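Participant: Quick one, fold the following:
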Amino acid sequence: MVLIPPARPAAGRCRDGTRLRLQLLGPDDAGAMHAFLESLTPEDRRLRFFVPVPVVAPSLVRPLVEVDPCEHVAWLGWAGTTPVVEARFARRREDRSTAELAFAVHPRWRRRGLADTA
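Facilitator: Below you'll find the model as predicted:
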């Protein structure tokens with residue numbers, strides 16, 4: 001069975017009560033994804049991609065927004081008009097029953113419960 005996430009935005013709250021809107025990423029979101037990645041510190045980008053990323057190039061952003069809901073799903077979390085968190089999973093080629101999970105949280109939005117299980 002393949003579960004496809006709903007396309008409409010979902011509402012959520014941080015532990016501190018701040019409202020967020022989660023929205024599936026798609027090709028039309030390249031500008032927002034680029035802005036989010038640029039808002040991260042160079043060290044945050046290095047930790048997110050496992051290599052230094054001094055400049056966020058379109059070639060880096062494109063595969064992050066061209067997702068396949070059966071293989072690779074990604075969301076941006078928005079506080080108003082500002083993207084503040086990225087979450088995604090991608091099925092592993094070598095074991096289709098598993099997936100890699102990634103989160104990136106804007107530095108000013110950390111410690112609010114955006115990427116934890118509490």
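Participant: buried sites along stretch 68-81?
Facilitator: Using 16 or more other CB atoms under 10 Å as the test for burial, stretch 68-81 gives 72, 73, 74, 75, 76, 77, 78, 79. C-beta here means a position set from N, CA and C on the backbone, and glycine is covered the same way.
Participant: Buried residues, the longest helix along the chain. List them.
Facilitator: Across the chain, the longest stretch assigned as helix under DSSP state H is helix 30-39. Buried residues in helix 30-39, counting neighbours by 16+ other CB under 10 Å, are found at 30, 32, 33, 34, 36, 37, 39.
Participant: what separates residue 73 from residue 64, distance-wise?
Facilitator: Computed as CB to CB, to the nearest Å, the residue 73 to residue 64 distance reads 12 Å.
Participant: Next, show the common contact partners of those two.
Facilitator: Counting by CB atoms under 8 Å, 6 or more residues apart in numbering, the contacts common to residue 73 and residue 64 are residue 88.
Participant: Which one of the buried residues of stretch 68-81 is nearest to residue 89?
Facilitator: Comparing the buried residues of stretch 68-81 against residue 89 with CB to CB places residue 73 closest, at 5.9 Å.
Participant: Partner strands of the helix or strand where that closest one lies and their direction?
Facilitator: Residue 73 belongs to strand 72-79 when elements are defined using DSSP states H and E. Its sheet considered, strand 72-79 pairs with strand 19-24 (antiparallel), strand 82-91 (antiparallel) by DSSP bridges.
Participant: Let me know the angle separating the next helix or strand after the last one from strand 82-91.
Facilitator: Sequence-wise, the next helix or strand beyond strand 82-91 is strand 99-105, with elements assigned using DSSP H and E. Taking axes from the mean of the first three to the mean of the last three CA atoms, to 10 degrees, one finds that strand 99-105 is oriented at 170 degrees with respect to strand 82-91.
Participant: by how many degrees do strand 99-105 and helix 30-39 diverge?
Facilitator: Here strand 99-105 runs at an angle of 70 degrees relative to helix 30-39 (the same axes, to 10 degrees).
Participant: what does strand 99-105 rub up against?
Facilitator: 36-37, 40, 44, 48, 84-92, 114-115.
Participant: Can I get the buried ones among these as something I can paste into ChimeraX?
Facilitator: Burial among the contacts of strand 99-105 is assessed by 16+ other CB under 10 Å; the matching ChimeraX selection reads:
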select :36,37,40,44,48,84,85,86,87,88,90,91,114,115
